[in-house]
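Novice: Turn this into a structure:
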Amino acid sequence: MSVEVGLELPSLELTFTRTDLVRYAGASGDFNPIHHSDHAARAIGLDGVLAHGMLTMGRALRVVTDWAGDPAKVVSYGVRFTRPVPVPDDGVGTVVTVNGRVTRVSDGVATVSIEALCDGAKVLGSATAEVRVD
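Specialist: Alright, predicted model coming up:
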């Protein structure tokens, strides 16, 4: 695969629904009620239910793994959580748009900067993955 700095990865739109949050809670063991109960979320001052940060992080990496063709090519991945992803109980959910851009290529490893936006606001900051491209 020929990879150069500046390469834009195909954009990805991820939908998060309440059902996704319940499934993730079961798989991860994270049953914090702010991820499934509007009542519990509002009781601590939130506007409503929020997606799990690790679910958002994991799903956002798909912009890289879909492009690379093999998740095993990912060498490292890190993010900073900047804003929560609200998930309404409307049967539709919310959309996070994910973009990636190659910012460095060295010794067969590409560094990809990832941008994840929900309603135009960044939900992940300093999101970077390193991927083997040789």
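
Novice: mind listing the helices for this structure?
Specialist: Ranges of helices in the chain, per DSSP state H, are 18-28, 38-43, 53-60, 62-68.

Novice: got a list of contacts for the shortest one?
Specialist: In this case it means helix 38-43. Applying CB atoms under 8 Å, 6 or more residues apart in numbering, the contact partners of helix 38-43 are 33, 34, 47, 48, 49, 50, 89. In short, each C-beta sits where N, CA and C put it, glycine included.

Novice: Can you tell me which of those residues are buried?
Specialist: 34, 49, 50 (16 or more other CB atoms under 10 Å).

Novice: so can I have TSV of these showing distance to residue 101 and pLDDT?
Specialist: Formatted as TSV, the buried ones among the contacts of helix 38-43 follow (distance: CB to CB, whole Å; pLDDT from 0 to 100):
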residue	distance to residue 101	pLDDT
34	32	97
49	31	98
50	27	98
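
Novice: As TSV, these with distance to residue 12 would be great.
Specialist: Output for these, formatted as TSV (distance: CB to CB, whole Å):
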residue	distance to residue 12
34	26
49	23
50	20
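
Novice: and the two most separated of the contacts of helix 38-43?
Specialist: 33 and 47 (14.8 Å; CB to CB).

Novice: ok, and the closest non-adjacent residue to residue 105?
Specialist: In space, and not counting its chain neighbours, residue 105 is closest to residue 3: 5.5 Å by CB to CB, 6 or more residues apart in numbering.

Novice: That neighbour contacts residue 112, doesn't it?
Specialist: No. The pair residue 3 / residue 112 is not scored as a contact, 9.4 Å apart, by CB atoms under 8 Å.

Novice: So those two - more neighbours on which side?
Specialist: Under the criterion of other CB atoms under 10 Å, the comparison of residue 3 against residue 112 puts residue 112 first, with 26 against 16.
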